[in-house]
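Visitor: Provide a 3D model corresponding to the input given below.
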Amino acid sequence: MLKNIQEWTLLLVIFGVVATLGNWIGYDVMPLQAIPGMIVLVLICLVGLIIHKLLPFQIPSVAYIAIIGIVVSMPWMPGSASIVTWTNEVNLLALTTPILAYAGIAIGRTWSDFVTLGWRTFVVAAFVLFGTFIGSALIAELVLRIQGII
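Guide: Sure thing, here's the model as predicted:
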């Protein structure tokens with residue numbers, strides 16, 4: 001268990017550093033402003049992973065992390081105002097970049113497993129990407145027309 005906690009901590013710290021740099025470069029939020037929020041997010045993730053390992057239930061660790069995040073940010077929780085203020089300095093898109101990079105590395109490492117899924121996977125992936133692109137474009141078009149921008 002201690003080895004898992006050490007590995008999770010290392011990965012979460014690396015993730016936090018990369019996300020803080022992305023927050024600074026992409027959104028002009030100085031690292032000193034974002035570090036308290038990033039520390040809170042890393043701690044919430046670490047506690048969620050530990051709880052997932054300790055409890056016998058087969059619930060994804062993401063559920064525990066989400067529940068902890070919701071509970072600590074509730075207005076009646078002591079310190080929630082500070083937690084919300086700190087985490088508001090961390091932009092969501094700055095968090096997604098390292099997550100997607102990690103997912104890409106994970107898929108790349110197990111490319112042979114991915115290939116065994118068959119050609120249907122590529123067809124489904126193409127439709128998903130195409131549908132997402134067209135859907136996003138249609139929504140953007142609609143919103144821009146409603147606002148009178150185009």
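
Visitor: okay, and for this protein, where does confidence drop off?
Guide: Along the chain, segments meeting pLDDT under 70 span 103-115, 117-118, 121.

Visitor: would you mind measuring from residue 20 to residue 138?
Guide: 35 Å (Cβ to Cβ, to the nearest Å). (Glycine included, C-beta is placed from N, CA and C.)

Visitor: the more surrounded of the two?
Guide: Neighbours were counted for residue 20 and for residue 138 using other Cβ atoms under 10 Å; residue 20 has more, 25 against 10.

Visitor: roughly how far is the helix or strand where residue 133 lies from the heart of the chain?
Guide: According to DSSP states H and E, residue 133 maps onto helix 119-146. Centroid separation for helix 119-146 versus its chain: 21 Å, with Cα atoms, centre = their mean, to the nearest Å.

Visitor: show me what it is packed up against.
Guide: Under the contact definition 3 or more Cβ pairs under 8 Å, 6 or more residues apart in numbering; DSSP states H and E, helix 119-146 sits against no other helix or strand.

Visitor: how does this structure divide into domains?
Guide: If you go by automatic domain parsing, the domain ranges for the chain are 2-110, 117-150.

Visitor: noted, bye for now.
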